[in-house]
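Asks: Quick one: sequence plus predicted model below, questions after.
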Amino acid sequence: MDLSIIIVNWNVRDLLDACLASIYASDLEAVNYEIIVVDSASDDDSIDMLREKYPAVILLPQTKNIGFTRGNNIGLARAKGDYLLLLNPDTELSPEAVALLLKYLKADPQVGIIGPHTLNTDGSHQSTRRRFPTLVTGIFESTWLSAWAPATIERDYRMLDRRDNDIIEVDWVQGSAFMLRRAVYVDIGGLDEGYTMYSEELDYCRRAKSAGWRVVYHGGAQITHHGGKSSEQASAFKQVHFHTSKLRYFRKHHGYGAYIVLRALLLILFGWQLILESLKGALGHKRQLRAERVRIYWTVLRSGLKANV
């Protein structure tokens, strides 16, 4: 088996349908491949759609929502391919994307992981190539402070100094479409299930690079990523998972001190936002919006943002 394509699905039936259709429309005539869908207890008829429209897909239905990371590990354990593509269900492939990624990995045995050039739904560029984050990056990324971040932090972290169409070595690539060779999986194992979702690909690329593998971004292989459609269904817990995963990464790779500093700052920021949104709501300004934000921030604070390693 040349290639295994692994998709973890949760309640995005129509997007999954489009994703699978784009795979079957891809230029893969010379590739012996399998598609594995791990369904995380969807209740939107995803399984019926798969069985009716895509009977060749290997379906691994779960009895509960097991999360993105665990779902991918189940797919990886079942996969037979020499190359393994972890693909989000809310993506669509250009016809040549997978073939280009495969060709590059086959040509350079030192490259263990490769990611494509990702576009938003409107065709604009979606930043999916990164350098490893520093503690300063962690403080500014996706927090209230991001608007005041020095431009150099964003430029360096997201590699904005490189062209979108380049083929370049990077520290890590986003997990919406993430191809690796089986030898990497054999070498370092599966994804760290301590990450329910978010930062698992960052952690995996760091582990791969520590083991001597290279990571590449391929600007010529294009996919479209419609973006976060499963996680949008649970916005409060999306915030919890995002920040606890970030904290887990920093505790694991930067030490306990960095974790304590970052966690304390995040809790202070969410507490301050909770106070501000409560005051704005009490004054009658967009009360429904303020109430939703208060609910999200309160959920985050109640979680404590504890990341165990």
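Replies: All right, it came through fine. Numbers count the residues shown, from 1 in each chain.

Asks: how about M49, what does it touch?
Replies: R13, L16, D17 (C-beta atoms under 8 Å, 6 or more residues apart in numbering). (Glycine included, C-beta is placed from N, CA and C.)

Asks: Check P116 too.
Replies: A97, L100, L101, T128, A177, Y217, H218, A221, Q222, I223.

Asks: what about 6 Å?
Replies: Applying C-beta atoms under 6 Å, 6 or more residues apart in numbering to P116 gives the contacts A97, A177, H218, A221, I223.

Asks: mind checking the SS state of it?
Replies: strand (DSSP: H, G, I helix; E, B strand; the rest coil).

Asks: Tell me what it is bridged to.
Replies: Residues in a beta bridge with P116, per DSSP bridges, are H218.

Asks: before we move on, the earlier item: with respect to S40, which of the contacts of P116 is nearest?
Replies: A177 (18.7 Å; C-beta to C-beta).

Asks: Cross-check the contact I'm expecting between the closest one and I223.
Replies: Yes. Counting by C-beta atoms under 6 Å, A177 touches I223, with 5.1 Å between them.

Asks: Which one's more surrounded, those two?
Replies: More neighbours surround A177 than the other of A177 and I223, with 27 against 24 (other C-beta atoms under 10 Å).

Asks: can you tell me the average pLDDT over the helix with the most length in the chain?
Replies: Taking DSSP state H as the criterion, the chain has its longest helix at helix 256-282. Average pLDDT, helix 256-282: 93.

Asks: packing partners for that helix?
Replies: The helices and strands touching helix 256-282, judged by 3 or more C-beta pairs under 6 Å, 6 or more residues apart in numbering; DSSP states H and E, are helix 235-254, helix 287-303.

Asks: again, only using 8 Å
Replies: helix 135-140, helix 235-254, helix 287-303 (3 or more C-beta pairs under 8 Å, 6 or more residues apart in numbering; DSSP states H and E).

Asks: where does the stretch 101-250 of the chain dip in pLDDT?
Replies: Low-confidence segments of the stretch 101-250 of the chain (pLDDT under 70): 228-235.

Asks: in it, which spans are helices?
Replies: Using DSSP state H, counting those that start in this stretch, the helices of the stretch 101-250 of the chain run over 135-140, 151-157, 182-188, 200-210, 235-254.

Asks: What residues sit buried inside the shortest one?
Replies: With burial defined by 16 or more other C-beta atoms under 10 Å, the residues of helix 135-140 counted as buried are T137, G138, I139, F140.

Asks: now the longest helix of the chain, how far from the centre of its chain.
Replies: Relative to its parent chain, helix 256-282 has a centroid offset of 24 Å by C-alpha atoms, centre = their mean, to the nearest Å.

Asks: That one versus helix 287-303: what angle between them?
Replies: Per axes from the mean of the first three to the mean of the last three C-alpha atoms, to 10 degrees, the angle that helix 256-282 makes with helix 287-303 is 150 degrees.

Asks: and the angle for helix 256-282 with helix 235-254?
Replies: Going by the same axes, to 10 degrees, helix 256-282 makes 160 degrees with helix 235-254.

Asks: can you pull the buried residues of helix 256-282?
Replies: Buried-residue list, helix 256-282, by 16+ other C-beta under 10 Å: 258-259, 262-263, 266-267, 269-270, 273-274, 277-278, 280-281.

Asks: With stretch 289-300 instead?
Replies: R290, R293, V294, I296, Y297, W298, T299, V300.

Asks: Tell me the one of those nearest A183?
Replies: Within the buried residues of stretch 289-300, the smallest distance to A183 is 39.2 Å, found for V300 (C-beta to C-beta).

Asks: Tell me the most packed of the contacts of M49, by neighbour count.
Replies: L16 (27 neighbours).
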